[in-house]
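[1] Give me coordinates for this.
(one chain, ligands or ions: 1)
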Amino acid sequence: MVYNATALNGDSLIDTDPGKPSTLNTLRDKWNKEFSSGKWDFLRRNSEQKRLQLVAQMIERQLNETDGGCVVDLGSGEGHLCNWLDGKRVRQYVAVDISDVALNNIVEANIPVTRICESLAKYSLDENLQAAPLVIVANEVLYYEPDSVDQLKRIAEGQKHGCVVLVSVVGPHPDKPNWTASSIRLWKEIDQLGWHKLEAQVVKDEESGVVWDIVAFEIAPKEKC
Ligand SMILES: C[S@@+](CC[C@H](N)C(=O)[O-])C[C@H]1O[C@@H](n2cnc3c(N)ncnc32)[C@H](O)[C@@H]1O
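    Numbers count the residues shown, from 1 in each chain. Predicted structure coming up:
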């Protein structure tokens, strides 16, 4: 399902019989409730902006000013990344998220925004995006479903012209053993994909001690796979 900024509204997102709640609708309800209740408001804080700024800088290193390119932000949330992107290099920002509440909160900046309310499991890239230099971002989104890395692989490796994938995962934290286990599992799964690593960076919020590992990968064109 694809919506532009004006067409997006809650009713149009129900894609199954309302009498039979699907897993998708259950998940969407959960995330919508959490965004509505303010649980994710902390993502707007300054402490998160350092991470987003670094992701934006890494994206810019992959796109030149002459051709520009397109950024597909999987699990974009309220699209805070968009505020840091360089409009000279990023021609289009595609925000993909399961929560229409989050997508509705995206503030239009100087880059055209396309909002797609979809789960990672169901999302596929549009044909026209496949022609553009493309950066796919998975920024703090891979934790939530057991097959998230498989879905990222499906989306990224389906590209005719190849693409760059940028992954951000929270690093180990002494007070958060679940995070540590989750990030170890995710990087292990990602390593097994055998993707060529272009760049790896670490960013830390000094106040909370939270660290994020951010890695850019080059994905070969489909024909050459
Ligand atoms: C922790 S937030 C990260 C938001 C943003 N990427 C950032 O870095 O600030 C996780 C986001 O992933 C979305 N999400 C969770 N599970 C998803 C799924 N299966 N498919 C698509 N989006 C999902 C949530 O709605 C939420 O917006």
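
[2] Residues of this structure that sit close to the ligand?
    Proximity of the chain to the ligand, by C-beta under 6 Å from any ligand atom, involves residues 31, 43, 75-77, 80, 97-99, 102, 119-120, 139-141, 144-145. (Each C-beta comes from the backbone N, C-alpha and C, glycine too.)

[3] go again using 8 Å as the cut-off
    27, 31, 34-35, 40, 43, 48, 51-52, 55, 73-81, 96-99, 102, 118-121, 123, 137, 139-141, 143-145, 148, 151, 168 (C-beta under 8 Å from any ligand atom).

[4] beta partners of the residue positioned nearest the centre of the chain?
    Closest to where the C-alpha atoms of the chain average out (C-alpha atoms, centre = their mean) is residue 74, at 2.7 Å. Beta-bridge partners recorded for residue 74 (DSSP bridges): residue 96, residue 138.

[5] Could I get the contacting residues of it?
    Contacts for residue 74 (C-beta atoms under 8 Å, 6 or more residues apart in numbering) come out as 96, 120, 123, 136, 137, 138, 139, 141, 152, 155.

[6] And residue 120, by the same measure?
    74, 75, 96, 98, 141, 145, 148, 151, 152, 155.

[7] still on that earlier bit, export the contacts of residue 74 to CSV and tack on pLDDT?
    Formatted as CSV, those follow (pLDDT from 0 to 100):
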residue, pLDDT
96, 98
120, 97
123, 96
136, 97
137, 98
138, 98
139, 98
141, 97
152, 98
155, 96
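
[8] Tell me which two of those residues sit farthest apart.
    Distance extremes for the contacts of residue 74: the farthest pair is 123 and 139 at 15.0 Å, using C-beta to C-beta.

[9] Where does pLDDT dip in the chain?
    Residues of the chain that meet the criterion pLDDT under 70 lie in 1-22, 223-225.

[10] Swap in 50 and give it another go.
    Low-confidence segments of the chain (pLDDT under 50): 1-17, 224-225.

[11] which residue ranges form the strands in it?
    Applying DSSP state E to the chain gives strands spanning 3-4, 69-74, 90-97, 113-117, 134-139, 163-170, 196-204, 211-219.

[12] gap between the fourth one and the chain center?
    Going back to what we said before, that points to strand 113-117. Relative to its parent chain, strand 113-117 has a centroid offset of 12 Å by C-alpha atoms, centre = their mean, to the nearest Å.

[13] Residues in contact with stretch 39-56: which ones?
    The contact list for stretch 39-56 (C-beta under 8 Å, 6+ apart) reads 34, 77-78, 80-81, 83-86, 102, 137, 139, 166, 168, 201, 203, 205, 207-208, 210, 212, 214.

[14] how about 6 Å then?
    Identification of contacts with stretch 39-56 by C-beta atoms under 6 Å, 6 or more residues apart in numbering yields 80, 81, 84, 85, 139, 201, 203, 205, 212.

[15] same question, stretch 93-101
    10, 13, 27-28, 31-32, 35-36, 71-76, 79, 82, 103, 106, 111, 113-119, 123.
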